[in-house]
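>>> Generate coordinates for the sequence data below:
(one chain, ligands or ions: 1)
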Amino acid sequence: MSRNQTGTADARIGGFSAELRESAKEIWEANHRHPFLKELGAGTLPTDKFIFYLRQDYVYLIDYARMFALGSAKADDVETMAWFARLLEGTLSTEMELHRQYCERFGVSRRELESTEPASVTVSYTSYMLREAYNGTLANVVASVLPCTWSYWEIGRALRDVPGSLDHELYREWIEMYSSDEFGELALYLTGLMNRLAEGLPERELRKLKEQFLTTSRYEYMFWDMAYKKEMWPN
Ligand SMILES: Cc1ncc(C[n+]2csc(CCO)c2C)c(N)n1
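Next up, the predicted model:
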């Protein structure tokens, strides 16, 4: 069972995934406490920070979707291949559509959104994940993408439980999407797959998976921080 300070225990997640979650629990708890998310839940997050986040997240998701394509390419069976292919499609349509719609409301066109210059953290995060995926097995792909899918679901549910968070006309949709059962199913599928793929692996490979999970968990924190500070590159 995994449990964090916000009380989002999930008895459905055990095995190696729960071990990964436990080994990265400090950084996950720091994520929950980050001012970007505190203010998003309270409805006080300044719009310019949210737009900055959406634009960076959009270009992040373009590369992140490639991780799912690599998951499909590296899968050993047709069912897993198809699952990653559906996830790839879902990311490009459902998740990125939310970003496109938000940006339209703020007068940022689709072309502008796609041509967003990636910040240093965005480049570093996606380059790291793609390197690990290209050089590794499906288990390495899953360990690298797991914090992203799983932590957003955890964050979404924690924010949904903040009194009044769903009254905010801007942030409600964001919270609803990430706390949805549909997104929960993705996280649960990936934790189950991680558990199956880790079975019987030698200690050295399990250590590598832990390192990948911890690194992308840290990048998740850095992403919130970069967005909150609107941090690009040094001149
Ligand atoms: C920095 C960053 N990390 C995680 C997510 C969340 N996310 C990315 S892909 C995916 C699965 C379904 O499309 C989920 C939940 C994000 N948007 N941005």
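>>> centroid residue for this protein?
The centroid of the chain falls nearest to residue 148 when counting by Cα atoms, centre = their mean (2.2 Å).
>>> Helix or strand for that one, just tell me which one.
According to DSSP states H and E, residue 148 maps onto helix 138-160.
>>> near the ligand, which residues of this protein show up?
Proximity of the chain to the ligand, by Cβ under 6 Å from any ligand atom, involves residues 57, 60-61, 64, 90-91, 95, 148-149, 152, 183, 186, 220, 223. Quick note: C-beta positions are derived from backbone N, CA and C, even for glycine.
>>> 8 Å instead?
Residues of the chain that fall close to the ligand, judged by Cβ under 8 Å from any ligand atom: 56-57, 60-61, 64-65, 68, 87, 90-91, 94-95, 125, 145, 147-149, 151-153, 178, 183, 186-187, 219-220, 223.
>>> From residue 215, how far off is the nearest residue to residue 210 once chain neighbours are set aside?
Nearest residue to residue 210 in three dimensions, chain neighbours excluded: residue 23, at 5.7 Å (Cβ to Cβ, 6 or more residues apart in numbering). Distance, residue 23 to residue 215, using Cβ to Cβ, to the nearest Å: 12 Å.
>>> CA-only coordinates of the helix holding residue 148, as PDB, when you get a sec.
Extracted in PDB, the C-alpha atoms of helix 138-160 (Å, rounded to 0.1, in the frame of the first residue of the first chain):
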ATOM      1  CA  LEU A 138      10.000  -1.600 -21.700                       C
ATOM      2  CA  ALA A 139      10.700  -1.700 -17.900                       C
ATOM      3  CA  ASN A 140      12.900   1.400 -18.200                       C
ATOM      4  CA  VAL A 141      10.300   3.200 -20.200                       C
ATOM      5  CA  VAL A 142       7.600   2.400 -17.600                       C
ATOM      6  CA  ALA A 143       9.800   3.400 -14.600                       C
ATOM      7  CA  SER A 144      10.600   6.700 -16.300                       C
ATOM      8  CA  VAL A 145       6.900   7.600 -17.200                       C
ATOM      9  CA  LEU A 146       5.300   6.300 -14.000                       C
ATOM     10  CA  PRO A 147       5.900   9.300 -11.700                       C
ATOM     11  CA  CYS A 148       4.300  11.600 -14.300                       C
ATOM     12  CA  THR A 149       1.100   9.600 -14.700                       C
ATOM     13  CA  TRP A 150       0.800   8.500 -11.100                       C
ATOM     14  CA  SER A 151       1.700  11.700  -9.400                       C
ATOM     15  CA  TYR A 152      -0.800  13.800 -11.500                       C
ATOM     16  CA  TRP A 153      -3.600  11.400 -10.400                       C
ATOM     17  CA  GLU A 154      -2.500  11.700  -6.800                       C
ATOM     18  CA  ILE A 155      -2.300  15.500  -7.100                       C
ATOM     19  CA  GLY A 156      -5.600  15.700  -8.900                       C
ATOM     20  CA  ARG A 157      -7.400  13.800  -6.200                       C
ATOM     21  CA  ALA A 158      -5.700  15.800  -3.400                       C
ATOM     22  CA  LEU A 159      -6.800  19.100  -5.000                       C
ATOM     23  CA  ARG A 160     -10.300  17.800  -5.700                       C
END
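>>> After it, which helix or strand is next? Please name it.
If you walk from helix 138-160 toward the C-terminus, the next helix or strand you reach (DSSP H and E) is helix 172-179.
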